[in-house]
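Asks: Quick one, fold the following:
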Amino acid sequence: MGFALGAVVPCIAQGQLARCAAIGDDRARLACYDALARTEAPAAGAPSPSAPAAEAAAPPATEIERRWELRPDLQRGTFKLQPYRALYALAHYSTNMNEQPSSPTRPPPTQDIHLDPFEAKMQLSFKAKLAQDMLGTSTDAYSSR
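Replies: Model prediction:
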């Protein structure tokens with residue numbers, strides 16, 4: 001099995017792997033490994049990916065990092081409204097309504113009930129950051145509605 005993998009995967013020098021393994025920052029180390037994985041068998045005289053070049057390339061922000069401002073470069077400040085939950089509008093019309101509702105635990109209504117055949121519902125949901133970097137840590141406080 002090892003021989004078959006060695007034949008399919010391009011040969012990567014142990015020095016390149018060791019250089020990536022020696023990087024202390026998790027993101028930079030991952031970027032170095034990613035650069036090695038993207039590199040096909042290097043041509044003679046072609047420079048190998050180096051750790052400083054891998055550190056310079058920052059990975060793109062994920063959806064969670066953008067929505068919750070998890071990286072310093074994504075911070076937007078406090079009291080800025082942002083969408084939170086799904087925004088929607090629903091409408092419903094019915095021609096078959098229960099004009100005489102009843103319950104075994106309650107008496108029948110004494111007044112005439114006027115029911116509207118049309119219903120509508122709408123949800124708007126926002127969040128806003130109330131405090132940023134609380135207590136000297138990267139903890140933020142949000143409020144949502």
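Asks: Touching, Gln16 and Leu36? I think so.
Replies: Yes - using Cβ atoms under 8 Å, Gln16 makes contact with Leu36 at a distance of 5.8 Å. Yep, even glycine has a C-beta here, placed from its N, CA and C like the rest.
Asks: Now do the helices in the protein.
Replies: Taking DSSP state H as the test, the helices found in the chain are 2-8, 14-21, 26-38, 51-56, 63-68.
Asks: Asp34 and Gly77, how far apart?
Replies: Distance, Asp34 to Gly77, using Cβ to Cβ, to the nearest Å: 32 Å.
Asks: Show me the residue at the heart of this protein, geometrically.
Replies: Ile64 (2.3 Å; Cα atoms, centre = their mean).
Asks: thinking that residue is in contact with Leu70, fair?
Replies: Yes - judged on Cβ under 8 Å, Ile64 makes contact with Leu70 at a distance of 6.9 Å.
Asks: can you list the domains in the chain?
Replies: 1-59, 62-97+114-145 (automatic domain parsing).
Asks: Any chance of JSON lines for those, columns distance to Pro104 and mean pLDDT?
Replies: Shown next, in JSON lines, are the domains of the chain (distance: least, Cβ to Cβ, whole Å; pLDDT from 0 to 100):
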{"stretch": "domain 1-59", "distance to Pro104": "62", "mean pLDDT": "65"}
{"stretch": "domain 62-97+114-145", "distance to Pro104": "21", "mean pLDDT": "90"}
